[in-house]
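Enquirer: Curious how this folds, go ahead:
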Amino acid sequence: MNLEKGIVLLAEPFMQDSHFSRSAVLLCEHNEQGSLGFILNKPVDIDIQSLFEEFPEFEAKIFYGGPVATNSMQYIHTAGDLLEDSVEVSPGVYWGGDFEKLKFLITSKLIRPNEIRFFLGYSGWTEGQLKEEMDYGSWIISDMDANYAFKSDKIKLWKTILENKGDNFKVIAQIPDFISLN
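Expert: I've put the predicted structure just below:
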């Protein structure tokens, strides 16, 4: 597979970087200037109303998107046909869109909590940096499925995606977090 928007990057099992250990990153942008994505499997214990006072009552999950600009919020969702200015990153998965319209859609119950994920910060790579990390073996590329973002068990997501790749990846998925436990 090639590096392109709409794929999932899976951290190799022994990655030491605490930001990305056992992470599944949805790549939302990849071009000659660099790459940008969001970690799909690192929920944080913050509710959205504590971040935005005028946000409608909503039980959405918030995730740590990555170590860049952690004072910013981004979101992916399934409502691309309803939310202007959103960008399709993979089939059924859209990034961003008009924030005021988003609040209206939530108030109108046209977007449910299981159809959107909010991220504090993002994962970013400068020109050529992600390719270098790929050459080093830091990441495993996988297809994206909308269920990974909106319906899968976030704690088991890294392992689930590896198992879905089959063959040798099923074995990699069984490697314990701490090799000393093996």
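
Enquirer: going forward, measure contacts and count neighbours with C-alpha atoms only.
Expert: Will do.

Enquirer: okay but Glu88 is in contact with Trp95, surely?
Expert: Yes - using Cα atoms under 8 Å, Glu88 and Trp95 qualify as a contacting pair, with a distance of 6.3 Å.

Enquirer: which ones are touching Phe14?
Expert: Counting by Cα atoms under 8 Å, 6 or more residues apart in numbering, Phe14 touches Ser21.

Enquirer: Helix, strand, or coil at it?
Expert: coil (DSSP: H, G, I helix; E, B strand; the rest coil).

Enquirer: separation between it and Ser50?
Expert: Separation of Phe14 from Ser50 (Cα to Cα, to the nearest Å) stands at 35 Å.

Enquirer: what do you get for Leu157?
Expert: Counting by Cα to Cα, the separation of Leu157 from Ser50 is 27 Å.

Enquirer: residue ranges for the helices of this structure, please.
Expert: Assigned by DSSP state H, the helices in the chain fall at 48-51, 99-107, 129-136, 146-150, 157-165, 168-173.

Enquirer: quick one: low-confidence parts of this protein?
Expert: 178-182 (pLDDT under 70).

Enquirer: what are the ranges of the strands in it?
Expert: Taking DSSP state E to define them, one finds strands in the chain at 7-11, 24-31, 34-39, 43-44, 62-64, 68-77, 87-90, 93-95, 116-126, 139-143.

Enquirer: closest one to Ala173 among those strands?
Expert: Distance to Ala173, taken as Cα to Cα, is lowest for strand 7-11 among these, at 10.6 Å.

Enquirer: Do I have it right that Gln49 meets Lys61?
Expert: No - with the criterion set as Cα under 8 Å, Gln49 and Lys61 do not qualify as a contacting pair; they are 11.4 Å apart.
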